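In: Just need the structure, nothing else, for what follows:
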Amino acid sequence: MTEQEQEPQNPEAKVEKMFEYGYRKSNYGPDELVTDAHGNPISVVDAMLSAEDAAKAETATPHLCYYSPRIPGNTGSAIRLCAVTGTILHLVEPLGFNLRDTKLRRAGLDYHDMAHVVLHPNFDNLVESMPNSRIIAFTAHATKLYTEVEYKPTDILLFGPEPGDIPDPMDIMAGPHVAEQVRLPMRPSLRSLNLTNCASIAIYEAWRQLGFAGGA
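Out: Residues are numbered from 1 along each chain as shown. Down below sits the predicted model:
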């Protein structure tokens, strides 16, 4: 058998083989996702920011929160979004995937990316850890547009789970802890935008209002 015949013929299989453990190293263990500053693989949880440190951090953009996200690829994209904008990403459990999921690895995340991520066991933990923050919920049920808000770096932009068979948790998205509800305009009768596409629009609008502080 030739070398060419030994390779996976299915293009998807080739992608799986190439990116199963990310692009920085090919020998990650099953419980490893990212590398430290020296290129050594470490546990994803060890790379994360603590809730206490997140509350004290000074940022140029509002914080981003995903409540109970279900699709690992979306969260991987959000982690990269937050890394490039200097945003802190709060993930509130329960998650619909394991943080060591292969699809997260495909995002090519490293230690510096994960250092922008905080994991909360429940929503109350987020609220209690950020007592001075204003929570702005992005929901299709809102009437105010996202551009009608004057954003602050201490704000938390809250997004619910990806659309699916489970309804939006309105006790979270419209609870007493929410200061504002806003929406992104869309053409009627069409499917909603991808979660991280929506978050990207929101983060960049907020960062624009704040003069793209810290950006190049």
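
In: Find the centremost residue of the chain, please.
Out: Central residue of the chain (CA atoms, centre = their mean): Ala78, 3.3 Å from the mean position.

In: Cys65 is in contact with that residue, correct?
Out: No - checked against CB atoms under 8 Å, the pair Ala78 and Cys65 is beyond contact range at 10.1 Å. (Each C-beta comes from the backbone N, C-alpha and C, glycine too.)

In: Now do the shared contacts for the two.
Out: Leu89 (CB atoms under 8 Å, 6 or more residues apart in numbering).

In: tell me the contacts of the closest residue to the residue nearest to the centre of the chain other than its chain neighbours?
Out: The shortest distance from Ala78 to any non-neighbouring residue, by CB to CB, 6 or more residues apart in numbering, is to Thr196 (4.8 Å). When contacts are counted by CB under 8 Å, 6+ apart, Thr196 is found next to 74-75, 77-78, 81.

In: what about Glu205, which SS state?
Out: helix (DSSP: H, G, I helix; E, B strand; the rest coil).

In: List the contacts of it.
Out: By CB under 8 Å, 6+ apart, the contact list for Glu205 reads 146-147, 151.

In: do the same with Asn132
Out: Counted by CB under 8 Å, 6+ apart, Asn132 has contacts Thr154.

In: Is it located within a helix, as I assumed?
Out: No - counting by three-state DSSP, Asn132 falls outside a helix, being coil.

In: now it: how far from Ala213?
Out: Going from Asn132 to Ala213 by CB to CB, to the nearest Å gives 19 Å.

In: and what of Ile172?
Out: Ile172 is 30 Å from Ala213, by CB to CB.

In: what helix or strand does Ser77 sit in?
Out: Here Ser77 is covered by helix 72-85, with elements defined by DSSP states H and E.

In: Restricting to C-alpha, output stretch 137-147 in CSV.
Out: The C-alpha trace of stretch 137-147 is given here as CSV (Å, rounded to 0.1, in the frame of the first residue of the first chain):
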residue,chain,number,x,y,z
ALA,A,137,-29.5,40.7,28.6
PHE,A,138,-29.6,40.1,24.8
THR,A,139,-32.9,38.5,24.0
ALA,A,140,-35.4,38.5,21.0
HIS,A,141,-38.1,39.4,23.5
ALA,A,142,-36.7,42.9,24.0
THR,A,143,-37.9,46.1,22.3
LYS,A,144,-34.8,48.2,22.8
LEU,A,145,-32.0,47.9,20.3
TYR,A,146,-28.5,47.1,21.4
THR,A,147,-27.2,50.4,20.0
